[in-house]
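Q: model this:
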Amino acid sequence: MKKILIILLILVAVLSVLLLLREPPSKTNSQQISKNGIDILIRGNSFHLSFDELRKNRLYKFSTKMGDELSGYPLTEITNFLGVKPSSFSSLNFYAIDGWTVKTETSELTDCYLVFLPSQKDVQVIFAEDEHPQRWLKFIKKIELTK
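A: Coordinates of the predicted model:
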């Protein structure tokens, strides 16, 4: 019994030291990103799309293949808003604040929507034709259009 108690005390001490040594949380949290909106990289040029600018676009109602009824902003409208033709890039990379990324081809552009999360402070990308939401990426911070 004493051995188990000593082992538990040692484990608690080790965990306490590890907690003290860990890095502080990143300053890139959803509240900070929300203030900034989304960065869009096109051929080495960086544009910033604030959430207020995004809301100026027309909101479309759409259905997903799974039957969800949502409202969002089609990526085709956003690229038009930025003055970028779909023929000028071949793929899109979406980056989230948690490190997740999703890559898609231009052929799926008409299927991509940016949708505000319930908090209205963050955005997620939704692929309406996906049978499963595994590519639905929340907390988008950057979209890169590549050739």
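Q: where exactly do the helices run in this protein?
A: Taking DSSP state H as the criterion, the chain carries its helices at 2-21, 30-36, 51-55, 75-81.
Q: I'd like those helices as TSV, with distance to residue 113 appended.
A: Quick note: C-beta positions are derived from backbone N, CA and C, even for glycine. Below are the helices of the chain laid out as TSV (distance: least, Cβ to Cβ, whole Å):
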stretch	distance to residue 113
helix 2-21	41
helix 30-36	19
helix 51-55	12
helix 75-81	7
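Q: winner for burial among the ones you listed?
A: Most buried of these by mean neighbour count (mean count of other Cβ atoms under 10 Å) is helix 75-81; its value is a mean of 18.
Q: Comparing the helices of the chain, which yields the minimum mean pLDDT?
A: In terms of average pLDDT, helix 30-36 trails the rest of these, at a mean of 47.
Q: Quick one: closest of the helices of the chain to residue 66.
A: Nearest of those to residue 66, taken as Cβ to Cβ: helix 75-81 at 19.3 Å.
Q: Check what contacts that closest one and list those residues.
A: 49, 53-54, 57-58, 60, 85-86, 92, 109-110, 112-114, 125, 145 (Cβ atoms under 8 Å, 6 or more residues apart in numbering).
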